[in-house]
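> Task: produce atomic coordinates for the following.
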Amino acid sequence: MSETPEAAPTEQFQTVFWSTKRAMWEASDAANRKHGVREGQQFILKLLWEEDGLTPGDLARRLGLATPTVTKAATRMEAAGILTRKPDARDRRLVRLFLTTHGKSLEKILDAEMAVLSERALAGLSDEQRGELIKTLTQIRENLLKDSD
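Here you go, the predicted model:
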């Protein structure tokens, strides 16, 4: 049986997408780990770089995660000297997460790592192709976020 030309890319899409996603994850994880940051912690860092002193609940809501997931990550990050926990000044039941000097210093370092990683991932693509890729990935995300009613 012969395949129609339109069917082949559709059949290959998930395999190529997932293998690319995994390769990107592995490269990102390796870049972050060089600096003591475990995969996923960079998203917590990004929010704390923007607004230091958030609670684990605040972070969880903004990241779409469960609070215990953020709490566990914060425990690891505290052990690594990236952040510290302090009780809320008004509500002692709440804990706020603050970046250490080391945690703050990671912003420029990880931004540089991600710039290198992006260039590595996009090597050989023209600016036009890069723009089209971003546009295509954005459309894919929007398609998947639409209600499937």
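> what about the longest helix in the protein?
What stands out as the longest helix in the chain, according to DSSP state H, is helix 7-33.
> Which helix or strand lies directly C-terminal to it?
With elements assigned by DSSP states H and E, the helix or strand that comes after helix 7-33 is helix 41-50.
> If you count contacts, what does that following helix end up packed against?
For helix 41-50, the helices and strands in contact under the criterion 3 or more C-beta pairs under 8 Å, 6 or more residues apart in numbering; DSSP states H and E are helix 7-33, helix 56-63, helix 67-79, strand 95-99, helix 101-122. For the C-beta atoms, the positions are set from N, CA and C on the backbone; glycine is no exception.
> least reliable of the ones you listed going by mean pLDDT?
Taking the mean pLDDT of each of these, the lowest value is held by helix 7-33, a mean of 91.
> Just the angle for that one relative to helix 41-50, thanks.
Relative orientation of helix 7-33 versus helix 41-50 (axes from the mean of the first three to the mean of the last three C-alpha atoms, to 10 degrees): 60 degrees.
> tell me which residues of helix 7-33 are tucked away?
Within helix 7-33, the residues scored as buried using 16 or more other C-beta atoms under 10 Å are 28, 31, 32.
> before we move on, what about stretch 70-88?
Going by neighbour count (16+ other C-beta under 10 Å), the buried part of stretch 70-88 is 70, 71, 73, 74, 77, 80, 82, 83.
> Can I get those residues in CSV including distance to residue 126?
Shown next, in CSV, are those (distance: C-beta to C-beta, whole Å):
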residue, distance to residue 126
70, 40
71, 44
73, 38
74, 42
77, 39
80, 40
82, 38
83, 40
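> Kindly indicate which of those lies nearest residue 11.
Using C-beta to C-beta, the shortest approach to residue 11 within the buried residues of stretch 70-88 belongs to residue 73, at 37.3 Å.
> residues touching the closest one, list them.
Contact analysis of residue 73 by C-beta atoms under 8 Å, 6 or more residues apart in numbering lists 38, 40, 41, 44.
> hang on, the earlier thing: with residue 137 as the reference, name the closest of the helices and strands packed on helix 41-50.
Go through these one by one with C-beta to C-beta and the one that ends up closest to residue 137 is helix 7-33, at 9.4 Å.
> list the helices and strands the closest one packs on?
On the basis of 3+ C-beta pairs under 8 Å, 6+ apart, helix 7-33 makes packing contacts with helix 41-50, helix 101-122.
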